[in-house]
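# I would like the atomic coordinates for the input below:
(chains A and B)
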Amino acid sequence: MSIVVKDLVKYYGDTKALNGLCFEAQKNNITGFLGPNGAGKTTTMKIISGYLTADNGIVTINGTNLSDDPVNIRKKIGYLPEHNPLYPSLYVPEYLKSMGQPYHIPQIDKRVQLLIERVGLSDHQYKKIGALSKGLKQRVGLARTLLHDPKVLILDEPTTGLDPNQLVEIRNLIIELGKEKTIILSTHIMQEIQAICQKAVIIAKGKVVANVNVKELDIENHLKHFEFEFAHPISVKPFKNLSEIVEIEAVSKNIIRIGTSVEKAAKIALFNVATELNNPLLDIRTIQTNMEEIFQNLTQ
Amino acid sequence: MISIFVREIKHFFDSTIGIMVVGVFLLITSLFLFVFPDTSILLSPYVSLDVFFDLAPSLFLFLIPAITMRSIAEERQEGTLEVLLTQPIRPFDVIVGKLLASWILVLLALVPTVVYFITLYQLGDPRGNMDSGAILGSYLGLVLLSGAYCAIGVFASTIADNQIVAYIFGTFLAFLFFYGFFYFSFLPIVVGQIDELIQMFGMDYHYRSISQGVIDFRDVCYFFSTIIFFVFSGILMVEKKKQ
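Coordinates of the predicted model:
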């Protein structure tokens, strides 16, 4: 199921929280939603989940306008809000069963047990939710969003506050779910986008400022970028045949930028060529070409 | 709606709220009916439950908003309302589910009071010499009145983000509807002109009418209209606060 968000506008009083926000999340893909605090991530997610109504613009899920059939579309969406609100006085299976009732799930007891196992809560199911740790509560929240096997998952900062082990477990679970569901997740952690998302939508001041394919950023290849500054003008030609260098471009007369996956070997090779050309190397600078750099440039 | 209703009922009995409300209501009414000499039915020359039916609306005025104050305010405060409203249910289901759960709890508090009726029945001379019709009417009035109080309380909870504010506002509204209109009708400006009309807006007028043992459709209709009015006002508030 694909999600198309078009020209979304939302006001809180006089404040414009969303200012014509547009993006698309493709079927069976994980789309990362990135932006500074107050950029409008949560507002957008609340609108897609059907909790808030936009002042303008449309959200279509698999071609159906959200406002045309809100109750039926909500059956296809699993929404995990930022603070993962739960009922602390209920036991885990009791909570899941109760939250599953509006979806009329057949054999709900079986489904609840299946999800408890899937999110790794089997050993904790006889505890009240209030007695669980934050990571376990997060799993309860995730299990709740998966109860009705929704085709769309909206996860608002699902890994916030988790310890490193829990983080890896929840990320792996999301990656697994992303194979069969359309997922939109928001996060502040750049590495998370790099680790689990296919697409990154960066927003600032209620607008999309970048819509990038994570793979295209060479992050998957772990390419590192460096700038080499020489004493005299230099051409990129002598370096093009070096097998250690994947990308090369001239930044200015004396500076060239390279991309490599073998940092040490590339530096040695480049240094040797510079020696052969009798053009002393003055400086080597590491260039950030990851999400963090893009994020900072676009959202400042 | 059923899931919300069941969860609410369970919450009442898991927490101390349910037991507290039922316990306090029964304790206070028992003290008035059997212990305090001025109102004790054991010392009264007449076989009547008037003391109980006069006292109950005032007690409910304080107890019912205590039951309903958390209904929506807490859900909103904790964020669980956001989850509920992204499920395939309507705000109507949430409000009515909460209202019915609170109402059932109040009715459960009324069930043990049948003992008062049985006691009186035994005390009559000859046995059973009492106005059973008026008592049944009064019970019906109390059931309808408690439903209206619950609807007011749930509505107050949709307005306030804080439970204490919801309690105070709920008590104020219930007071206004039960006593307020009655006392307003004594204002010199309305006496002799629209005083009865103003009284008719109040619950006290219709409660007294039903308590006489004659079930008038207009009185029943008044209570149900009040419930429906506050249910839909509550829905509007939930929708408005979503904006």
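# what domains does the record give for chain A?
A:3-217, A:224-299 (automatic domain parsing).
# for chain B, what are the nearby residues on the stretch 1-150 of chain A?
By Cβ under 8 Å from any Cβ of the partner chain, the residues of the stretch 1-150 of chain A that approach chain B are A:46, A:49-53, A:71-72, A:74-75, A:77, A:79, A:81, A:83, A:85-87, A:89-90, A:98-99, A:101-103, A:144. Yep, even glycine has a C-beta here, placed from its N, CA and C like the rest.
# Phi and psi next, for the nearest residue to residue A:126 once chain neighbours are set aside.
Leaving aside its chain neighbours, residue A:126 sits nearest to residue A:91 (6.8 Å; criterion: Cβ to Cβ, 6 or more residues apart in numbering or on different chains). Main-chain dihedrals, residue A:91, degrees, to the nearest 10: phi -80, psi 160.
# tally of neighbours for residue A:91?
16 (other Cβ atoms under 10 Å in any protein chain shown).
# show me the contacts for it.
A:125-129 (Cβ atoms under 8 Å, 6 or more residues apart in numbering or on different chains).
# any idea of the mean pLDDT for the longest helix along chain B?
Longest helix in chain B by number of residues (criterion: DSSP state H): helix B:132-159. Mean per-residue pLDDT for helix B:132-159: 90.
# can you check stretch A:276-293 too?
78.
# so where's the chain uncertain?
Defaulting to chain A. A:216-222, A:288-300 (pLDDT under 70).
# Chain B was what I was after
B:47, B:128, B:243.
# the helices in it, which residues?
Using DSSP H, helices in chain B cover B:2-14, B:17-30, B:50-68, B:70-78, B:80-84, B:91-110, B:114-123, B:132-159, B:163-175, B:181-184, B:195-201, B:203-211, B:217-242.
# Out of those helices, which gets nearest to chain A?
Chain A sits nearest to helix B:2-14 of all those, at 3.6 Å, using Cβ to the nearest Cβ.
# Can you give me the distance of the nearest residue to residue A:179 once chain neighbours are set aside to residue A:45?
Using Cβ to Cβ, 6+ apart and skipping the chain neighbours, the partner closest in space to residue A:179 is residue A:28 (6.5 Å). Note on residue A:28: its distance to residue A:45, by Cβ to Cβ, to the nearest Å, is 19 Å.
# what about the two, which has more around it?
Taking other Cβ under 10 Å, residue A:28 and residue A:45 do not tie; residue A:45 has more neighbours (23 against 15).
# quick one: secondary structure of residue A:268?
helix (DSSP: H, G, I helix; E, B strand; the rest coil).
# Count the neighbours of it for me.
Residues near residue A:268, counting by other Cβ under 10 Å: 12.
# Same check on the one 3 residues further on?
The local packing of residue A:271 (other Cβ under 10 Å) involves 13 other residues.
# Get me the contact residues on chain B for chain A.
B:2-3, B:6-7, B:10-11, B:14-15, B:78-80, B:82-83, B:85-90, B:93, B:242-243.
# Just the buried ones from those?
Among these, the ones that count as buried by 16 or more other Cβ atoms under 10 Å in any protein chain shown are B:3, B:7, B:10-11, B:78, B:80, B:82-83, B:85-90, B:93.
# about what we covered before: please work out which of the helices of chain B is packed deepest.
Each of the helices of chain B was assessed for mean neighbour count using mean count of other Cβ atoms under 10 Å in any protein chain shown. The highest is helix B:132-159, with a mean of 24.
# Can you tell me which helices and strands that one packs against?
Using 3 or more Cβ pairs under 8 Å, 6 or more residues apart in numbering or on different chains; DSSP states H and E as the contact test, the elements touching helix B:132-159 are helix B:50-68, helix B:70-78, helix B:91-110, helix B:163-175, helix B:203-211, helix B:217-242.
# That one vs helix B:91-110, what angle?
140 degrees (axes from the mean of the first three to the mean of the last three Cα atoms, to 10 degrees).
# Excluding chain neighbours, give the residue nearest to residue B:235 in space.
residue B:91 (4.8 Å).
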